[in-house]
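J.: Below: sequence and its predicted model.
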Amino acid sequence: MKNNSINKLKLFFLGLENRFNENLDLFENLEVVFKSGNKEFKGIGKLESIDNKTVRYNFNGITIKDKFKFILDSILKEVSKYEEIRFIYNERVSSIKIEGNDKNVSMKNVENKNPIKENKTSTLLNRNYLIKVGEAD
C-alpha cells in the first residue's frame, strides 16, 4: 500500500483506539485480512485481560499479547507489505469495517443482527482423555 493510504488507515486506527479505551466492555474481537494477489492472510485478535487492556493477536503463526495501541501499530507495519487490507472491529452490538487499498481507504459501521449468541454445550466438555496404547479388545 502507498503512504497516503497508510496515513488514512492510521487516522482510522486512532479513532478505533479511543473507542476501544472508552468501550472496553463492549469489545469482542478484531479480524484482519491482508490480501496480496489472490492470497489472503488472516489475523485474529481477542481480549486477553480487561484490567491491563491487553489483546492477544495471532498472525502468521505468531501470537502477540500487548496493548491495543501496539497491536494496531504492528498491523500498520505489516500493511505496507500487502496490496489490500480488510479490518473488522467487532463489538457486541455493532462492527466497524475498514477496507483499504492503494486507491482508497473506507470505513463502514455495520450493526449486528443477532447481538445475543446462544451458548452451545461442547461435546468434549474440556476434560482430559486417557488413551491406553496397545491392542484393541
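T.: Yep, it's here.
J.: Tell me how far the one residue sitting closest to the centre of the chain lies from residue 43.
T.: When C-alpha atoms, centre = their mean is applied to the chain, the residue found nearest the centroid is residue 30 (2.4 Å). Per C-beta to C-beta, to the nearest Å, residue 30 is found 8 Å from residue 43. Just so you know, the C-beta spots here come from the backbone N, C-alpha and C atoms, and that holds for glycine as well.
J.: Identify the contacts common to these two.
T.: With contacts taken as C-beta atoms under 8 Å, 6 or more residues apart in numbering, residue 30 and residue 43 have residue 57 as neighbours in common.
J.: still on that earlier bit, around the closest residue to the residue nearest to the centre of the chain other than its chain neighbours, count how many other residues there are.
T.: Closest residue in space to residue 30, ignoring its immediate chain neighbours: residue 45 at 4.2 Å, by C-beta to C-beta, 6 or more residues apart in numbering. The tally of other residues near residue 45 (other C-beta atoms under 10 Å) stands at 23.
J.: just residue 48 next, same as before
T.: Around residue 48 there are 15 residues (other C-beta under 10 Å).
J.: wait, doesn't it sit right on residue 64?
T.: No - judged on C-beta atoms under 8 Å, residue 48 makes no contact with residue 64 at a distance of 10.0 Å.
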